[in-house]
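Would you be able to build a 3D model of this:
(one chain, ligands or ions: 1)
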Amino acid sequence: MNKPGKWLRYGVLIAATLSAAIGTQARSLEDIQKDGKVIFATEGQFPPFNYFQGTKLSGFEVELAELVAKKMGLTIEWKALGFDALLAGLRQDRWDLVIASHGITDERAKAVTFTNPHYCSGGQVVAMEAGIKTGADLAGKVVAVQTGTTYLESVKKLPGIKEVKNFPKDTDARSALLNGRVDAWVSDRFVVKQALAGAPNAGMKVGDMVFIERIAAAVAKGNASLAAGYNKALAEVMADGSYAALSKKYFGEDVRCK
Ligand code: ARG
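Numbers count the residues shown, from 1 in each chain. As a prediction, the model looks like this:
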């Protein structure tokens, strides 16, 4: 009986099981380069970062990913899914990268590897009543947030909140405010800015930022080669003026983390 051979087979089996469990079956940068095509997932419901213009996926993050991929010599295949499904899909190797305004948190970093941030922002209070402005003003109030977001996590921690209503889409949380079903909506400051610009007479009033966060793309946990390739290309886009031009087009300002 060939004992070393048997142990080798066990070893291979254990390694394969472990790699499946920790997600190292994800495609490396080299695998992706051989293919020429990188798969990005986003939500497509979070304007102006990722949204559908008719049937076309667009937005700051969509265009930024296109610039980054081009620097990497790759074309993108896009997938659009519910926000909640995005990070989980990295674990199952259903796509290579996620770009959907995820704030870098310790909790998420246990499950995925974040790239360098592509913008800095934070959660902001919006209400129909001018008296609801700060985190403290949310005490006794019903607040709408998108499911699975850092807004939900932060609002849950505020003392005295009456109820946090969560919605699968951020645009539905906004509608709940406009329809008078909640007292406040907490969302990204740039999403809020665009929502107000798009409906200047709707009566929404912008309050304070309740927290700030660094927003980044993510790859499967431990996919260091892909994160490094993305980070290098992102740095190039940030250095050659194309990030600045894109940011100006969407926001009228440079939204990179300073
Ligand atoms: N920045 C928030 C977070 O990290 C919200 C992201 C929402 N993104 C989206 N595509 N709806 O949770």
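
Can you dump the C-alpha atoms of stretch 80-98 in CSV for me?
Extracted in CSV, the C-alpha atoms of stretch 80-98 (Å, rounded to 0.1, in the frame of the first residue of the first chain):
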residue,chain,number,x,y,z
ALA,A,80,-26.8,44.0,-11.2
LEU,A,81,-28.4,42.5,-8.1
GLY,A,82,-30.1,43.4,-4.8
PHE,A,83,-27.7,45.2,-2.4
ASP,A,84,-27.9,42.3,0.1
ALA,A,85,-26.7,39.7,-2.4
LEU,A,86,-23.5,41.5,-3.5
LEU,A,87,-20.9,40.7,-0.9
ALA,A,88,-22.2,37.1,-0.4
GLY,A,89,-21.7,36.5,-4.2
LEU,A,90,-18.0,37.1,-3.8
ARG,A,91,-17.8,34.2,-1.4
GLN,A,92,-19.5,32.0,-3.9
ASP,A,93,-17.2,33.2,-6.7
ARG,A,94,-20.1,34.5,-8.7
TRP,A,95,-18.3,37.7,-9.7
ASP,A,96,-14.8,39.1,-9.2
LEU,A,97,-15.5,42.5,-7.7
VAL,A,98,-18.3,44.4,-6.1
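
And the strands in the chain?
With DSSP state E as the criterion, the chain has strands at 37-42, 45-46, 50-53, 56-58, 75-80, 97-103, 112-127, 142-146, 163-167, 184-188, 205-220.

Need the winner for burial among the ones you listed.
Among the strands of the chain, strand 184-188 has the highest mean neighbour count (mean count of other CB atoms under 10 Å), at a mean of 27. Any C-beta I mention is one placed from the backbone N, CA and C, and that applies to glycine too.

Show me the strands paired with that one, marking each as parallel or antiparallel.
Sheet partners assigned to strand 184-188 using DSSP bridges are listed as strand 112-127 (antiparallel), strand 142-146 (parallel).

among these, which is nearest the ligand?
Among the strands paired with strand 184-188, the nearest to the ligand by CB to the nearest ligand atom is strand 142-146 (5.6 Å).

Convert the C-alpha atoms of that closest one to PDB, please.
Once non-C-alpha atoms are left out, strand 142-146 reads as follows in PDB (Å, rounded to 0.1, in the frame of the first residue of the first chain):
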ATOM      1  CA  VAL A 142     -39.400  56.600  12.800                       C
ATOM      2  CA  VAL A 143     -36.400  56.400  10.500                       C
ATOM      3  CA  ALA A 144     -36.200  54.800   7.100                       C
ATOM      4  CA  VAL A 145     -32.900  53.200   5.900                       C
ATOM      5  CA  GLN A 146     -31.900  50.700   3.300                       C
END
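
For the stretch 101-250 of the chain, what lies in contact range of the ligand?
S101, H102, G103, Q146, T149, T150, D170, D188, I215 (CB under 6 Å from any ligand atom).

so who does S247 touch?
Going by CB atoms under 8 Å, 6 or more residues apart in numbering, S247 touches F60, Y119, E253, D254, V255, R256.

Quick one: buried ones out of those?
Buried subset of these (neighbour count, 16 or more other CB atoms under 10 Å): F60, Y119, V255.
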